[in-house]
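**Student:** Fold the following and give me the result.
(one chain, ligands or ions: 1)
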Amino acid sequence: MAETGRIPVPLRLCRGCRRFVNLDGREDCVFCGADLAAAEAEHEANLAEMRRAADALREALAGLR
Ligand SMILES: [Zn+2]
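**Tutor:** Got it, this is the predicted structure:
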């Protein structure tokens, strides 16, 4: 493999606008201004809530049989 000497740019997905942000030492999104850590935490909370709802639905459906 050729040695290019390039360092991959660290990108982070903004949960606010779903775009990849070049961090460059920033903690907020250059596109929508969202706080990346806060948006990520909210996304995780939404995922957890979605899993709980899916589990409850699965249990409810199992009870129908
Ligand atoms: Zn954003």
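**Student:** near the ion at all, stretch 32-48?
**Tutor:** Yes: using C-beta under 5 Å from the ion, stretch 32-48 reaches the ion at 32, 34. (C-beta placed from N, C-alpha, C; glycine too.)
**Student:** How far away from the center of its chain is that stretch?
**Tutor:** 7 Å (C-alpha atoms, centre = their mean, to the nearest Å).
**Student:** Could I get the average pLDDT for it?
**Tutor:** The pLDDT scores in stretch 32-48 average 95.
**Student:** tell me the SS of residue 46?
**Tutor:** helix (DSSP: H, G, I helix; E, B strand; the rest coil).
**Student:** which ones are touching it?
**Tutor:** With contacts defined as C-beta atoms under 8 Å, 6 or more residues apart in numbering, residue 46 is in contact with no residue.
**Student:** From the ion, how far off is it?
**Tutor:** 16 Å (C-beta to the ion, to the nearest Å).
**Student:** gap between that residue and residue 62?
**Tutor:** Applying C-beta to C-beta, to the nearest Å, the value for residue 46 to residue 62 is 25 Å.
**Student:** Now do the strands in this protein.
**Tutor:** Ranges of strands within the chain are 11-13, 20-22, based on DSSP state E.
**Student:** Report all helices and strands that the last one contacts.
**Tutor:** Secondary structure elements in contact with strand 20-22, counted by 3 or more C-beta pairs under 8 Å, 6 or more residues apart in numbering; DSSP states H and E, are strand 11-13.
**Student:** who does the strand it packs on touch, helix- and strand-wise?
**Tutor:** Strand 11-13 sits against strand 20-22, with contacts defined as 3+ C-beta pairs under 8 Å, 6+ apart.
**Student:** Neighbouring strands - and their directions - for the strand it packs on?
**Tutor:** strand 11-13 (antiparallel) (DSSP bridges).
**Student:** So for the strand it pairs with, mean pLDDT?
**Tutor:** The average pLDDT within strand 11-13 is 91.
**Student:** How far away from the center of its chain is that strand?
**Tutor:** On C-alpha atoms, centre = their mean, the centre of strand 11-13 falls 9 Å from the chain's centre.
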